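**Student:** Here's my sequence, what's the structure:
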Amino acid sequence: MYRYDEFDAAFLAERNAQFRGQVARRIDGSLTEDEFRPLRLMNGLYLQLHAYMLRVAIPYGTLDSAKMRKLAEVADRWDKGYGHFTTRQNIQYNWPRLSDVPDILDSMAEAGLHAIQTSGNTIRNVTSDHFAGAAADEIADPRPYAELIRQWSTDHPEFQFLPRKFKIAVTGSPNDRVVTRSNDIGLRMVESHGKPGFEVTVGGGLGRTPMIGKVIRDFLPEGELLPYLEAIVHVYNRHGRRDNKFKARIKITVHETGLDRFRTEVEEAFLRTRGEFAGVDERVIARIRDRFVLPQFVEGGAEAYDAARRDPVFRAWADTNLAEHRHPDYSIVTVSLKAHGETPGDVTSAQMRVLADLAGRYGHDELRISHQQNVILPHVRKADLATVHAALKAAGLGTANIGLASDIIACPGMDYCALATARSVPVAQQLARRIDDLRIEHEIGPLQIKISGCINACGHHHIGDIGVLGLDRAGVENYQVTLGGDASENAVIGERAGPGFAYDEIVPAIERIMLAYLEQRDDEAETFAETYRRLGAAPFKEALYGPEKQRHAA
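**Tutor:** The predicted structure is shown next:
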């Protein structure tokens, strides 16, 4: 794991002191809210419906136990005893007082945490594969590259006032677990002639105009990563629209310019930029790699795991919440923050401390946050899995539903967000309870349901098997359904099914979709996504609207 050095510590201290002065001037009236707004956004501070919200970066989703305990401390001292993990691998605190924010940031800095560039029209927190460094299918750990990008992009003098926010995601596996193609730039590690590099996509993004990123380079050698990124962002900064914020993202620039012309300009800029780096980036990445050393894994212990599987409760959890580790005597544990009826992504300070303790005792002191709003213990010895499971159950963290219907992604929605036009959290809670009542979750198998409370799509509804978008229709909440989205390396935007549903109709509507799938699938092995691709939308639209309305919806 990357550890902050003296430069990092000094930089954070200086930046926090600067913001402390800006907060003081806002409180005494020297700065108006309009003047303060760009300053607070550069430091992750939003003004939400009821209070300020502080968004703290968890760079590429990686934490250790000390950082997790710091998050718990902040939740207890300055918030209401909980935090909310987001789809950008950040954590949000919904109730800080403005006067306390400088103290929060100073406290965070003690553990190497910050809120820089978690908002604003700049390069946001770089996200990465939540199985990074542990996955069996990984070509290389992507986190050193993500850290390189973080250092390059933080306070980059050319890219602090881009036309719009800018998001980068990187995975070290050909199997995309971080939805690279929904990002402004996506980096997916591939190999060519035995050498690692990246497939580079550009112009992805959800929100008002959802688009899947297009491949601008099939193979970029790893040593050319930074100059190529600099070239892309430079071209976007020059051509991105500033006359209309709804058309300011790079996806619109690529669409209006055309991929071929955009690529030509990037390659021209790259030829100039590559010489300016003069190998500095390669020396920096070499130093960074030295800080990402694999743990000393312990051999043996699989027999204890096999014995534990005789317990049906443990076996159900193991079947859904464990993934294959690069070492045969270890597993990757995904801890669900989606207990049926709870708020997706919310975690209490007490639960944070349990996770920190488990990471320190059984997980080589490493944790990850996923874009699905769950927590990962990436290195757990199989001999310890039963003990870890028991501790998670006792803390309310033992739900066996990873990848299943109640593992719902949901944004905070109208309960918190000033931009939201509908509630998303109550819909997710009611839907999860209904799924639990029906006892069909494990029968359904893999199913991604994603809910957004407004058109900005923070809940990723466009790329869910079933997506839900809450909108305001003449003062009444209305929920649109999309079907057939895909969040993998073969990412696809889902199709709108038809007219929306009222707040009290949306959960029964999704229930009808799930029951229709069980009736229509070929066999138990055929997933919802496979059934949808085979049959198309028609049987699901009929389940939603009935045969007459289904024809109208089409």
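
**Student:** need the contact list for Ser370.
**Tutor:** 61, 89, 130, 177, 334, 376 (CB atoms under 8 Å, 6 or more residues apart in numbering). Where C-beta positions appear, they are placed from N, C-alpha and C, glycine not excepted.

**Student:** Quick check: end-to-end length of stretch 519-527?
**Tutor:** 12 Å (CA to CA, to the nearest Å).

**Student:** Adding secondary structure, write the contacts of Ser370 out as a markdown table.
**Tutor:** Formatted as a markdown table, the contacts of Ser370 follow (DSSP: H, G, I helix; E, B strand; the rest coil):
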| residue | secondary structure |
| --- | --- |
| Gly61 | helix |
| Gln89 | coil |
| His130 | coil |
| Arg177 | coil |
| Thr334 | strand |
| Ile376 | strand |
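
**Student:** hmm, which two among these are most spread apart?
**Tutor:** Maximum pairwise distance in these, criterion CB to CB, is 13.9 Å, between Gln89 and Thr334.

**Student:** Report the set of residues contacting both of the two.
**Tutor:** Common contact partners of Gln89 and Thr334 (CB under 8 Å, 6+ apart): 130, 370.

**Student:** Can you say which of the contacts of Ser370 are buried?
**Tutor:** The neighbour-count criterion (16 or more other CB atoms under 10 Å) marks 61, 89, 130, 177, 334, 376 among those as buried.

**Student:** Dump these to JSON lines, plus distance to Ala391 and pLDDT.
**Tutor:** Rendered in JSON lines, the data for those read as follows (distance: CB to CB, whole Å; pLDDT from 0 to 100):
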{"residue": "Gly61", "distance to Ala391": "22", "pLDDT": "97"}
{"residue": "Gln89", "distance to Ala391": "24", "pLDDT": "96"}
{"residue": "His130", "distance to Ala391": "20", "pLDDT": "98"}
{"residue": "Arg177", "distance to Ala391": "25", "pLDDT": "96"}
{"residue": "Thr334", "distance to Ala391": "15", "pLDDT": "98"}
{"residue": "Ile376", "distance to Ala391": "16", "pLDDT": "98"}
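
**Student:** tell me the contacts of the residue nearest the centre of the chain?
**Tutor:** Among the residues of the chain, the one closest to the centroid is His371, at 2.3 Å (CA atoms, centre = their mean). The contact partners of His371, taken as CB under 8 Å, 6+ apart, are 61, 87-89, 127, 130, 178-179, 460.

**Student:** Among these, which one lies nearest to Ile510?
**Tutor:** His460 (16.0 Å).

**Student:** still on that earlier bit, dump the buried ones among the contacts of Ser370 to JSON lines, plus distance to Ile408.
**Tutor:** Below are the buried ones among the contacts of Ser370 laid out as JSON lines (distance: CB to CB, whole Å):
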{"residue": "Gly61", "distance to Ile408": "19"}
{"residue": "Gln89", "distance to Ile408": "18"}
{"residue": "His130", "distance to Ile408": "17"}
{"residue": "Arg177", "distance to Ile408": "18"}
{"residue": "Thr334", "distance to Ile408": "15"}
{"residue": "Ile376", "distance to Ile408": "18"}
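
**Student:** what's the closest of the residues you listed to Ile455?
**Tutor:** Gln89 (22.5 Å).

**Student:** how about the nearest residue to that closest one, chain neighbours excluded?
**Tutor:** Gly61 (3.8 Å; CB to CB, 6 or more residues apart in numbering).

**Student:** pretty sure that neighbour is touching Gln373, no?
**Tutor:** No - counting by CB atoms under 8 Å, Gly61 does not reach Gln373; the two are 11.0 Å apart.

**Student:** how about Asn94, phi and psi?
**Tutor:** Backbone torsions for Asn94, taken as degrees, to the nearest 10, come to phi -90, psi -10.

**Student:** which ones are touching it?
**Tutor:** 48, 50-51, 53, 79-80, 84, 412, 416.

**Student:** buried subset of those residues?
**Tutor:** 48, 51, 53, 79, 84, 412, 416.

**Student:** roughly how far apart are the fourth one and Lys70?
**Tutor:** Applying CB to CB, to the nearest Å, one obtains 13 Å for the distance of Asp79 from Lys70.

**Student:** any idea how far Tyr145 is from the residue nearest to Gln89?
**Tutor:** To Tyr145, Gly61 is 14 Å away according to CB to CB.

**Student:** Now Val200: phi and psi?
**Tutor:** Per degrees, to the nearest 10, the backbone of Val200 is at phi -110, psi 120.

**Student:** ok, now how distant is it from Asn183?
**Tutor:** Taking CB to CB, one finds Val200 at 11 Å from Asn183.

**Student:** Neighbour count for the two, which is higher?
**Tutor:** Asn183 (27 against 23; other CB atoms under 10 Å).

**Student:** quick one: Gly81 and Ser349 touch, right?
**Tutor:** Yes - counting by CB under 8 Å, Ser349 is a contact partner of Gly81 at 5.1 Å.

**Student:** Common neighbours of these two, please.
**Tutor:** Ala75.

**Student:** got the buried residues for the helix or strand that contains Leu225?
**Tutor:** Applying DSSP states H and E as the criterion places Leu225 in helix 225-239. Going by neighbour count (16+ other CB under 10 Å), the buried part of helix 225-239 is 225-237, 239.
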